[in-house]
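S.K.: heads up, no residue letters with this:
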């Protein structure tokens, strides 16, 4: 036996700290150059036919839905939307909350998972951040045009105007203006700063020409010197620390739009955490929806591994369950409060004319993710994709239930009115889906969709002490043994 | 061929891995060089210590930027709600006691101003953007953003000498050592 060699250390130590091997984030021992090549290749090579197959329809849908839809809306008036005197917040606000929520996963991945040192985020953060930016752009359309006369939308900003009227800083709607615009701006800074080293990589691979000049301008002359990295890492940490409370605040402020109003079904303290959990839930579903196909089309399986998908599925399971808890808690509190209006509001939601929306919300958001308790289901990409789709739809219905069913049945029976969206409503919503896809496909085409520098960093040998550890693969047991011996002798 | 004289930027040497670069950086630091840098495709953690760099001062900028944002938001809300356009809505008074309702905007502007300070503070500290840099003249330097690990010691450094510095870089494991010259 190899006992000879082991006895010595066994006598000495007593402490042999076992170090668990971490699951690798980059598979197949890919080299740095392979990573660069694979990610930059997406931009440098011709796009696959599938890209065009998705890009052309999404451009058409975006042009008709958003372009045409908005021209029609502005030239005719907001009356073309299905909003009525009672349901003043119909589809536009449902869609606004839906899209804003989608964005949250991006910031969660880039900021919160960064602060908690979840290194698996490196492969997916860039695409998720891009998704955030595009989702917030889609979201912004709705409130901007919902104001009615969009050419007065600048009234939202607190700048002096001819009427000497100032915004009401006590209103959650104004808080929303600040929250959403700050969110967009900070997310954009985060996204762009994170991309600078990768843009430099692309710049350095380009042949001289217009592409090199353009990527060069956006890479701002990045050289990758450690005197730059040192400040850069600090900047990244600061942005992560700033974005973490920011992302939690944005959907909280969105929920204040509802929670601060004295309306049965809205006036609840559970709204902020419930909205934030829902946003992260819906956002992760969207990340999966777009990353699973992209991973497949561009052959990124070694960087976006099954572990990444497994982790995201677990987050969906967790947040989906939190959302389910919130739904049930809402019902319980309505019952427990004994307030008849509150009870009636929830009865109406479940059994009223919108019962199907409530049923969709419950089954798609709460029940469908429960399948992720099973490992085999998390490993089956078809199932993951199906659940992600269910959640996308379910989260839209959640907002529909909250907004439309509540407004359709408020205090005065004379006001009761059901809501149905007009074709223009539907057109604009479908248009924003097209716009989102179009922007995302353009992103895949022109920008590095995986954070090249950070993925390299996540490799094991990127640690400057990697080679030392290789030489002493007892993970420091020898040093500990010597220390232990010294300790014993000093006692004796 | 031409009579233009090229200014020397310094020496550029390649190292085979992050570990090799780390050890080499410690030696360059101990040799007393000041104007030099390590170029890596990704941030190598721990290199700051090996190079003898101090912690970034960026957080201080951001602290003041964020405070300015908070103050701006408070001033904006207070002046408009209390001084020039007081309106009683939601049964909230038009005086300083309305401040809880100003908190969300104060929070958001703190973050917004901090975000901008991070961006512009960083650009100031790393002295970017710039259109060109002598190192870009090197034929191998493009690999610093791909898979190359480099150390460049500038000729401006007081300890720089054409021969001794080259030997030092070779001693500590540098390969393909190159004298980088400015392009004009």
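M.R.: Perfect, I can see it now. Keep in mind that what you see is a predicted model, and the values were worked out from it rather than measured.
S.K.: Tell me the buried residues in stretch A:342-362?
M.R.: By 16 or more other Cβ atoms under 10 Å in any protein chain shown, the buried positions in stretch A:342-362 come out as A:342-343, A:345-346, A:348-349, A:352, A:354, A:357-358, A:360-362. Placement of C-beta: from N, CA and C, glycine included.
S.K.: can you check stretch B:100-120 too?
M.R.: Residues of stretch B:100-120 classed as buried by neighbour count (16+ other Cβ under 10 Å): B:101-102, B:104-119.
S.K.: and stretch A:267-285, anywhere near chain B?
M.R.: No - under the criterion of Cβ under 8 Å from any Cβ of the partner chain, stretch A:267-285 makes no contact with chain B; the nearest approach is 11.2 Å.
S.K.: Work out the gap between stretch B:167-184 and the centre of the chain.
M.R.: Relative to the mean C-alpha coordinate of its chain, stretch B:167-184 is positioned 24 Å out (Cα atoms, centre = their mean, to the nearest Å).
S.K.: can you tell me the average pLDDT over stretch A:257-270?
M.R.: If you average the pLDDT over stretch A:257-270, you get 90.
S.K.: whoops, stretch A:288-300 was the one
M.R.: With pLDDT averaged residue by residue, stretch A:288-300 scores 91.
S.K.: Find the residue closest to residue A:394 in space, skipping its chain neighbours.
M.R.: Closest residue to residue A:394 in three dimensions, ignoring its sequence neighbours and counting by Cβ to Cβ, 6 or more residues apart in numbering or on different chains: residue A:364, at 2.9 Å.
S.K.: and the gap between the most centrally placed residue in chain B and residue B:56?
M.R.: Note on chain B: the residue nearest the mean C-alpha position is residue B:126, at 3.5 Å, using Cα atoms, centre = their mean. Distance of residue B:126 to residue B:56, given as Cβ to Cβ, to the nearest Å: 10 Å.
S.K.: Likewise for residue A:163?
M.R.: The span separating residue A:163 from residue B:56 equals 47 Å under the rule Cβ to Cβ.
S.K.: quick one, which of the two is more surrounded?
M.R.: Regarding residue A:163 and residue B:56, a neighbour count based on other Cβ atoms under 10 Å in any protein chain shown identifies residue B:56 as having more, with 22 against 7.
S.K.: What ranges in the chain fall below the confidence cut-off?
M.R.: With no chain named, the answer covers chain A. When the per-residue scores of chain A are filtered using pLDDT under 70, the ranges that remain are A:1-22, A:469-484, A:486-487, A:490-492.
S.K.: hm, I was asking about chain B
M.R.: Along chain B, the parts satisfying pLDDT under 70 run over B:1-5, B:183-184.
S.K.: which residue ranges form the helices in it?
M.R.: Per DSSP state H, chain B carries helices over the ranges B:18-30, B:47-51, B:58-78, B:99-125, B:164-171.
S.K.: if you look at the shortest one, does any of it touch chain A?
M.R.: This means helix B:47-51. Yes - among the residues of helix B:47-51, B:47, B:48, B:50, B:51 lie within reach of chain A under Cβ under 8 Å from any Cβ.
S.K.: Touching that helix from outside, list them.
M.R.: Applying Cβ atoms under 8 Å, 6 or more residues apart in numbering or on different chains, the set of residues contacting helix B:47-51 from outside is A:226-227, A:229-230, A:464, B:21-23, B:25-26, B:28-29, B:37-38, B:40, B:55.
S.K.: again, 10 Å this time
M.R.: With contact meaning Cβ atoms under 10 Å, 6 or more residues apart in numbering or on different chains, helix B:47-51 is reached by A:226-227, A:229-230, A:233-234, A:464, B:18, B:21-30, B:33, B:36-38, B:40, B:44, B:53-56, B:151.
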